[in-house]
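Colleague: quick one, what's the 3D model for this:
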Amino acid sequence: MTDVIAGGLWGVLATPFDDHLDIDLESLRNEVASFAEDGCGGLVALGVFGEAASLRPDEADAVAQTVAAATDLPYVLGLSERDPDAVVVQAQRLLGAVSRPPVALMAQIGDADPAVSAEAMRRLYDGTGIGVLVQDYPVVSGIRVTDEQVVELVRACPFAVGVKSETPPTSVAIAHLAPRLDVPVFGGLGGVGLLDELAAGSAGAMTGFSHPAALAAVLRAHRDGGFRAAREAWAPWLPLANFEGQLRVGLAIRKELLRRRGVIACARVRPPATPLPASLVPLLEQHLSSLPANQSAPR
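Modeller: Below you'll find the model as predicted:
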């Protein structure tokens with residue numbers, strides 16, 4: 001059995017592009033350093049927020065290698081392929097590109113039958129030797145399973161190192177999964193449900209947010225003072241997290257906020273992602289002006 005991944009804050013990285021929609025690796029290195037400074041204990045590259053499905057294989061390889069080389073933090077690589085054979089090929093290619101291996105490969109549940117999904121993940125593990133982070137994300141995968149089916153799947157995968165549960169309501173799913181599994185369970189979806197997820201037994205936060213230090217502060221507050229302290233820490237930031245979490249435009253909003261923080265140089269997104277609508281810019285600026293002093297999260 002492989003070692004489970006650590007709890008805490010795992011920051012999901014955006015893939016920065018320049019004005020011509022080419023990958024900006026210098027901005028990616030800066031983003032890695034910024035997330036580490038903001039308190040992330042681990043990083044996730046090539047996730048949905050990383051626009052992995054829009055990248056050519058050589059671009060995805062470059063992202064993986066840049067993240068691996070830019071930090072000593074543990075990192076996870078997402079897999080965008082869906083066919084079981086293609087997933088193994090993609091994973092092997094990415095692993096061949098990096099200077100040090102990831103602690104896990106993140107794979108979405110690919111079939112409503114837990115036995116079929118478990119077999120696909122077994123093939124991934126056998127083909128790479130890397131533990132699998134199971135992601136339940138029906139909005140993207142199109143696969144809907146019950147919480148008990150997720151339990152069945154993970155129990156059938158002794159190489160599973162964690163679960164990223166993104167089926168709303170996430171707190172209900174986590175409350176079911178956490179006491180029944182021997183691996184950590186994380187929420188996602190931009191941290192909108194973070195307080196309830198922590199109360200339900202989440203191991204931390206594994207998500208993208210324009211101000212990761214705010215997430216780190218919430219986790220510290222929850223550890224030291226429980227729900228009430230975590231709620232107080234998250235309250236000033238939750239409207240922004242909700243604004244970022246909007247369907248279709250959330251990625252563009254978050255990248256623009258990262259740009260305004262100086263973390264990345266350009267906020268452009270690739271199709272099929274939706275660019276930031278001009279009508280939302282005044283609202284974005286109002287959210288920024290309402291943040292705690294200096295628009296920075298506590299460290």
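Colleague: which SSE is W10 in?
Modeller: strand 8-12 (DSSP states H and E).
Colleague: so what touches that strand?
Modeller: Identification of contacts with strand 8-12 by C-beta atoms under 8 Å, 6 or more residues apart in numbering yields 35, 38-44, 47, 49-50, 76, 186, 188, 203-209, 212, 215-216, 219. All C-beta atoms are positioned from the backbone trio N, CA, C, and that covers glycine.
Colleague: please save the CA atoms from whichever helix or strand comes after it in PDB.
Modeller: The C-terminal neighbour of strand 8-12 among helices and strands, as given by DSSP H and E, is helix 25-37. Extracted in PDB, the C-alpha atoms of helix 25-37 (Å, rounded to 0.1, in the frame of the first residue of the first chain):
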ATOM      1  CA  LEU A  25       6.500  29.300 -17.600                       C
ATOM      2  CA  GLU A  26       8.000  32.200 -15.800                       C
ATOM      3  CA  SER A  27       4.600  33.200 -14.400                       C
ATOM      4  CA  LEU A  28       4.100  29.600 -13.500                       C
ATOM      5  CA  ARG A  29       7.300  29.500 -11.500                       C
ATOM      6  CA  ASN A  30       6.200  32.800  -9.800                       C
ATOM      7  CA  GLU A  31       2.800  31.200  -9.000                       C
ATOM      8  CA  VAL A  32       4.500  28.200  -7.400                       C
ATOM      9  CA  ALA A  33       6.700  30.400  -5.200                       C
ATOM     10  CA  SER A  34       3.700  32.600  -4.300                       C
ATOM     11  CA  PHE A  35       1.500  29.700  -3.300                       C
ATOM     12  CA  ALA A  36       4.300  28.200  -1.200                       C
ATOM     13  CA  GLU A  37       4.800  31.600   0.500                       C
END
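Colleague: and stretch 189-196, how far from the chain's centre?
Modeller: 12 Å (C-alpha atoms, centre = their mean, to the nearest Å).
Colleague: got it, and stretch 87-99?
Modeller: The answer for stretch 87-99 is 19 Å, by C-alpha atoms, centre = their mean.
Colleague: for F209, what are its contacts?
Modeller: 11, 190-191, 215, 241, 244, 254.
Colleague: so where's this protein uncertain?
Modeller: The model of the chain has pLDDT under 70 over residues 1, 294-299.
Colleague: against which helices or strands is the longest helix seen in it packed?
Modeller: Secondary structure assigned by DSSP state H gives helix 212-234 as the longest helix of the chain. Applying 3 or more C-beta pairs under 8 Å, 6 or more residues apart in numbering; DSSP states H and E, we find helix 212-234 packed against strand 8-12, helix 194-200, strand 204-207.
Colleague: adjacent strands (with direction) for the first one?
Modeller: The reference is to strand 8-12. strand 42-45 (parallel), strand 204-207 (parallel) (DSSP bridges).
Colleague: what about the helices in the stretch 51-200 of the chain?
Modeller: Assigned by DSSP state H, counting those that start in this stretch, the helices in the stretch 51-200 of the chain fall at 57-70, 84-97, 114-128, 138-141, 147-155, 170-177, 194-200.
Colleague: ok so, going back, using a markdown table, lay out the contacts of F209 together with distance to F227 and neighbour count.
Modeller: Formatted as a markdown table, these follow (distance: C-beta to C-beta, whole Å; neighbours: other C-beta atoms under 10 Å):
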| residue | distance to F227 | neighbour count |
| --- | --- | --- |
| G11 | 23 | 28 |
| G190 | 20 | 26 |
| G191 | 15 | 28 |
| L215 | 16 | 30 |
| A241 | 17 | 23 |
| E244 | 23 | 25 |
| R254 | 26 | 26 |
